[in-house]
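Peer 1: the following comprises the amino acid sequence and a computationally predicted model.
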Amino acid sequence: MLEKLYIFVKNQTMYKILIALFCWTTFYAQTNEIQKAADFQKNMNASFADADKSPLLEEVLKSFEGLDFFPILEEFIVKAKFIRSKKEKPFQMKTTTERTPMYKKFGELHFEINGQKMQLNVYQNLELIQKPGFKDYLFLPFSDVSCGKESYIGGRYIDMRIPTSKEVIVNFNLAYNPYCAYNYKYSCPIVPLENDLPIAILAGVKKYHD
């Protein structure tokens, strides 16, 4: 009887430890992603204020005081199931100009926001991955219900790296506008129709102007 009681107490203690560890890990991951978003906003403003890096027109740069961001929200930091695509053929992605860079669908991201199941395709630029530092770079373009209202009408982008597991964090607070939203001289990929989300993603960079 005492032996059974000991095993029960031991199991309960281990269960509580595992729950506490899970909660701490989840909290740490969320805190890390929130800090990442805060750093992202700070770095973007610094880059846009730098004449050598900024996509802004010269006359606009003179009065630049910072980009407009949505508040950083945890609900737009989601865990997604990553499914690697197989035998995908390269294709020419449409852009805002006549340029058609070669891309390949690299995988799918399956996730939920507010109970709604969603999917986004993630792509690989076949020219960019040949450059140093970009071998594992992935491109996640998306559009949503907020496009043309609170956010840029042409959709937004998120930079990613090739996942090392079947689960990946998608932080929409890191979403940014293509450079053509600020300057007509840039050529930007157009978000594929399959990456249009049925909800408003009120996270990341807001539209620059009407």
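Peer 2: Now that the structure is in, tell me what you want to look at. None of the values given here were measured: they were computed from a predicted structure. Residues are numbered from 1 along each chain as shown.
Peer 1: residues in contact with the strand ranked longest in the chain: which ones?
Peer 2: If you go by DSSP state E, the chain has its longest strand at strand 102-113. Identification of contacts with strand 102-113 by Cβ atoms under 8 Å, 6 or more residues apart in numbering yields 75-76, 78-85, 88-93, 117-127, 138-140, 162-163, 168, 170, 189, 199. (C-beta placed from N, C-alpha, C; glycine too.)
Peer 1: narrow those to those that are buried.
Peer 2: Buried members of the contacts of strand 102-113, counted by 16 or more other Cβ atoms under 10 Å: 76, 78, 80, 82, 93, 118, 120-125, 138-140, 162-163, 168, 170, 189.
Peer 1: just the helices in the protein please.
Peer 2: Assigned by DSSP state H, the helices in the chain fall at 2-49, 58-61.
Peer 1: in stretch 93-113, which residues are buried?
Peer 2: Buried residues in stretch 93-113 (16+ other Cβ under 10 Å): 93, 95-96, 103, 105-109, 111, 113.
Peer 1: follow-up on the earlier one: can you flag the weakest of the helices of the chain by average pLDDT?
Peer 2: Mean pLDDT is lowest for helix 2-49 among those, at a mean of 70.
Peer 1: check contacts around the residue nearest to the spatial centre of the chain.
Peer 2: Centroid check for the chain by Cα atoms, centre = their mean gives Ile158 as the closest residue, at 3.7 Å. Residues in contact with Ile158 (Cβ under 8 Å, 6+ apart) are 140-142, 170-172, 174-176, 204.
Peer 1: can you list contacts of stretch 133-141?
Peer 2: Contacts to stretch 133-141, defined as Cβ under 8 Å, 6+ apart, come from residues 103, 106-107, 109, 120, 122-125, 128-129, 155-162, 170, 189, 191-192, 195.
Peer 1: okay, now the unreliable bits of the protein?
Peer 2: In the predicted model, the chain carries pLDDT under 70 at residues 1-30, 210.
Peer 1: what about 80?
Peer 2: By pLDDT under 80, the low-scoring segments of the chain are 1-30, 209-210.
Peer 1: gap between Ile129 and Ala175?
Peer 2: Distance, Ile129 to Ala175, using Cβ to Cβ, to the nearest Å: 22 Å.
Peer 1: meant to ask about Met102
Peer 2: Applying Cβ to Cβ, the value for Met102 to Ala175 is 24 Å.
Peer 1: one more: Thr97?
Peer 2: 22 Å.
Peer 1: for Pro163, what are its contacts?
Peer 2: Pro163 neighbours (Cβ under 8 Å, 6+ apart): 82, 107.
Peer 1: tell me how far it lies from Val191.
Peer 2: Distance from Pro163 to Val191, by Cβ to Cβ: 21 Å.
Peer 1: same question, Glu58
Peer 2: For Glu58, the distance to Val191 - Cβ to Cβ - is 28 Å.
Peer 1: and those two? Which one has more around it.
Peer 2: Between Glu58 and Val191, counted using other Cβ atoms under 10 Å, Val191 has the larger neighbour count: 21 against 8.
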